[in-house]
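Participant: When you get a sec, could you give me coordinates for this:
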Amino acid sequence: MQKSLNKKFAIVGMGLLAGRFPQHSQRSLQAEAARLAIEDSGLNPSQVNGAVDLMLAPGSGSPPMETDHFPRILGLPCKMFFSIGRGGAGGVLGTVAATKFLEMGMADYVVLSYGAKDWSRSRGPEKTGIRSIEKIGHWGKPFGDLAAVSHHTFFASRHMHEYGTKSEHFGAIAVAQREWAQLNPEAHFHGRPLTLDDYMNSPMVVEPYRLLDMCMINDGAMAFVLTTAERARDLAKPPVYVLGAGQGEAMESLWWEKANYTRLAVKTAKEVAFREADITIDDVDFAGLYDCFTGEVLFQVEDYGWCKKGEGGPFIASEGIGPNGKININTSGGLLSAYYFGELTHIAEAITQLRGEAGARQVPNARVGIASGHGGEIVSPGMCSTHATLVLGRD
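Facilitator: Sure, this is the predicted structure:
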């Protein structure tokens, strides 16, 4: 079968700003990350003639629209520009869409950028936190579904009921990712280690999730530059190739089937992405698994095939996913302990690992990594229904 993506396109530049930026607008952060990505690639802004605005708002991925997007602020001579997103799966979908424009010759270099002001908004006068639009037909709030943690716990509870998963298994994930964060100077929780006792003693928010099962929020932005493999060879940084990409949907089967409460829509996304990349799970040197909550990591360890369904908790606790574990999962610290930019957090780490720039957390001889995205409710209340897989690699 002819490959559509495998090593035909490459990421050639990256810009990252993570932390707290109360004096900066979301637009300015997004533009600065894009500027840094272009600078990192060695390109001149006048050469970047395509751009993608990544929207990672909860649910549908449709935040209030703004004008004066980042390409205009930077003065990029864009022949094509669009916005795309589906909850936390904007980066993978944006990458696939951008490759098509590159393939058609509508752009030479495309910069994709996302910006967030979630921490500052949560501390502002309105205290709105992550921006979201109330969906038509949303029926959960009268019954107590007031935040994402409310309906994500449906799934953690069901997994515990079906397979005997314990709180300590979720805790092992939180502890492992905090261990990775101790090796990442840019991580929010760098210098603040976590023990299982700390986890078990943290406040219960919505049973069975404690405070430390939940991802953090922050301000900042992440951007990367994409081009063809031919153009990538002449640029400043070694190319990080797009090997494969795929998307899966919970709509593929009846939503109310109980099996959908103990798995994510990984199957189709993985099959398409791995087939395109011509790899198996044994070829993956590290993985960024979407970790809005600890349970999502556990589900994906099972769904991607590192262990059987229902065995994720004991597998993680015994084999390990931290710096000294059997598999390298969320090596930046992830959304739980590093910074929150949806699956862009994991794409940024994959680029860093494949360039060999990860310092103390570098996975030796890393050649293939995956980044997963997760989001986009189709039933509310209900956990996000889409799943996206991006496979990246190097020469």
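Participant: Glu207 against Ala156, yeah?
Facilitator: No: Glu207 lies out of contact with Ala156 (C-beta atoms under 8 Å); the separation is 9.0 Å. Any C-beta I mention is one placed from the backbone N, CA and C, and that applies to glycine too.
Participant: ranges for the strands of the stretch 1-150 of the chain?
Facilitator: Applying DSSP state E, counting those that start in this stretch to the stretch 1-150 of the chain gives strands spanning 9-19, 50-54, 80-84, 109-117.
Participant: Compute the inter-axis angle for the second one and strand 109-117.
Facilitator: Which is strand 50-54. Orientation of strand 50-54 against strand 109-117 (axes from the mean of the first three to the mean of the last three C-alpha atoms, to 10 degrees) gives an angle of 30 degrees.
Participant: Then the longest one?
Facilitator: For the pair strand 9-19 and strand 109-117, the angle between their directions (the same axes, to 10 degrees) equals 20 degrees.
Participant: can you tell which of the strands of the stretch 1-150 of the chain is closest to Ala338?
Facilitator: Among the strands of the stretch 1-150 of the chain, strand 9-19 comes nearest to Ala338, with 7.5 Å by C-beta to C-beta.
Participant: What pairs with the closest one, parallel or antiparallel?
Facilitator: Strand pairing for strand 9-19, determined by DSSP bridges: strand 219-228 (antiparallel), strand 240-249 (antiparallel).
Participant: and that strand, C-alpha only, in CSV?
Facilitator: The C-alpha coordinates for strand 9-19 follow below in CSV (Å, rounded to 0.1, in the frame of the first residue of the first chain):
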residue,chain,number,x,y,z
PHE,A,9,7.0,15.6,5.7
ALA,A,10,9.1,16.8,8.6
ILE,A,11,8.9,19.1,11.6
VAL,A,12,11.9,21.5,11.3
GLY,A,13,11.3,24.1,14.1
MET,A,14,9.7,24.4,17.5
GLY,A,15,8.9,27.2,19.9
LEU,A,16,7.6,26.7,23.5
LEU,A,17,6.6,29.1,26.2
ALA,A,18,5.1,27.5,29.4
GLY,A,19,4.4,29.1,32.7
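Participant: Pull out the buried positions in that strand.
Facilitator: Buried residues in strand 9-19, counted by 16 or more other C-beta atoms under 10 Å: 9-18.
Participant: again, but for stretch 72-81
Facilitator: Neighbour-count burial for stretch 72-81 flags 73-74, 76, 78, 80-81 (criterion: 16+ other C-beta under 10 Å).
Participant: first to last residue in stretch 154-170, what's the distance?
Facilitator: From its first residue to its last, stretch 154-170 covers 14 Å (C-alpha to C-alpha, to the nearest Å).
Participant: Also stretch 201-214?
Facilitator: 14 Å.
Participant: Residue ranges in the stretch 251-395 of the chain under the pLDDT threshold?
Facilitator: The stretch 251-395 of the chain contains residues with pLDDT under 70 at 254-256, 379-383.
Participant: where do the helices sit along it?
Facilitator: In the stretch 251-395 of the chain, the helices defined using DSSP state H, counting those that start in this stretch lie at 266-277, 294-303, 312-319, 334-337, 344-355.
Participant: For Pro208, grab the count of nearby residues.
Facilitator: 18 (other C-beta atoms under 10 Å).
Participant: Tell me which residues touch it, please.
Facilitator: 153, 156-157, 160, 167, 170 (C-beta atoms under 8 Å, 6 or more residues apart in numbering).
Participant: List the contacts of the residue sitting nearest the centre point of the chain.
Facilitator: The chain has Glu343 as the residue nearest its centroid, 1.0 Å off, counting by C-alpha atoms, centre = their mean. Glu343 is in contact with 88-92, 288, 290, 371-374, 388, 390, counting by C-beta under 8 Å, 6+ apart.
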